[in-house]
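# whatever this is, show me its structure:
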Amino acid sequence: MLKAVLHLVFIFLIGARGYSQYHLLGTARNMDNGCIQLTPDIPYAEGIAYNTTKLDLENYFEIQFDLYLGDKEEGADGITFVIHNDIRGFDAFGQWGECMGYGRFNPYGNGNSIDPSVAIEFDTYQNVFQNDPACDHVAYLENGVSQHQTFWNGGNEAYNIEDNYRHDFRFRWDPPDQRITVYWDGEIVYEGNRDLIGDVFDGNTEVIWGFTASTGRAHNLQYFCLRRLVDVPGLKTNKG
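Prediction:
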């Protein structure tokens, strides 16, 4: 039944139609191919793109993108997909370099970051202070903290996503089960249960979503292309 409903509510936001749907900060730019550049291939860049339509966490949604993280294996730093309710709204940003425009350098101290939030990072540069492995990886983050304890790299210590290819990323939120599922190139790379409304966003259901990215001394061209957004109004949580 759910699959039938999803087929009826596909909303495609592709190509030039996406230009007017993003609030762009820093080095973020519209590209001729309909994608959104986050960082050009230069040092110390930071770009952020927020879709101007908020998501409702009481509804099921699934968003699918192509992500491009560059063509230099020694490049940096990566991209995050972020969902947030920061008081700065569509102007929220974090620190550059290893924090990818999302987090803060010191997770235990003060510093600019996007909070409250959840994020998925696609990290292309090892930063030991953030508990990064030597290879590229995917990790789940919360509340502007870039440091993580676990990550996914496919069990490959030489895993590389700066390979001059677009990679398929899919984020799914299932409110009845309070479940987040993240797919990367067709494989589940993160799955977990979290009361986003109650435990992260303090009862707020409408959230901003988009991408952040940055470079440091090492750098790469980084961009994203929205493939589809599926939103199912009426599929509510079991709470309240």
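
# count of residues packed around Phe169?
Residues near Phe169, counting by other C-beta atoms under 10 Å, number 23. No exception for glycine: its C-beta is placed from N, CA and C like everyone else's.

# so what touches the strand or helix carrying it?
Here Phe169, judged by DSSP states H and E, is contained in strand 166-174. Around strand 166-174, the neighbours that count as contacts under C-beta atoms under 8 Å, 6 or more residues apart in numbering are 55, 57, 60-69, 81, 120, 122, 161, 179-186, 196, 225, 227.

# what mean pLDDT would you report for that strand?
For strand 166-174, the mean per-residue pLDDT is 97.

# for the residue sitting nearest the centre point of the chain, what are phi and psi?
Centroid-nearest residue in the chain: Phe81, 0.5 Å away (criterion: C-alpha atoms, centre = their mean). Backbone geometry at Phe81, expressed as degrees, to the nearest 10, gives phi -100, psi 130.

# just checking, what packs against the lengthiest strand in the chain?
Using DSSP state E, we find that the single longest strand of the chain is strand 222-232. Under the contact criterion of 3 or more C-beta pairs under 8 Å, 6 or more residues apart in numbering; DSSP states H and E, strand 222-232 touches helix 2-8, strand 10-11, strand 36-39, strand 60-68, strand 78-84.

# what mean pLDDT would you report for the shortest one?
Along strand 10-11, the predicted confidence averages to a pLDDT of 38.

# can you give me the buried ones in the helix or strand following that strand?
Remark: after strand 10-11, the chain's next helix or strand is strand 22-26, criterion DSSP H and E. By neighbour count on 16 or more other C-beta atoms under 10 Å, the buried set for strand 22-26 is 22, 24-26.

# low-scoring pLDDT stretches of the chain, where are they?
In the predicted model, the chain carries pLDDT under 70 at residues 1-20, 109, 232-240.

# name the SS class of the closest residue to His219 other than its chain neighbours, please.
Computed as C-beta to C-beta, 6 or more residues apart in numbering, the closest residue to His219 that is not its neighbour in sequence is Pro43, at 5.1 Å. For Pro43, the secondary-structure state derived from DSSP: H, G, I helix; E, B strand; the rest coil is coil.

# i'd like the first residue to be 20 from this point on
Shifting the count to begin at 20 puts that one at Pro62.

# where's Pro62 relative to Ala95, distance?
9 Å (C-beta to C-beta, to the nearest Å).

# between the two, what contacts are shared?
In contact with both Pro62 and Ala95: 234-238, using C-beta under 8 Å, 6+ apart.

# so which of those is the most crowded?
Busiest of the shared contacts of Pro62 and Ala95 [other C-beta under 10 Å] is Thr234, holding 31 neighbours.

# now that one: phi and psi?
Dihedral angles (degrees, to the nearest 10) for Thr234: phi -130, psi 170.

# once you drop chain neighbours, what's closest to Val208?
Val208 sits nearest to Trp171 (C-beta to C-beta, 6+ apart), 4.1 Å away.

# surely that neighbour meets Tyr159?
No - if you go by C-beta atoms under 8 Å, Trp171 and Tyr159 don't touch, sitting 9.0 Å apart.

# just give me the closest of the buried residues of strand 41-45 to Asp105.
Leu44 (12.5 Å; C-beta to C-beta).

# quick check: closest non-adjacent residue to the closest one.
Ile67 (4.1 Å).
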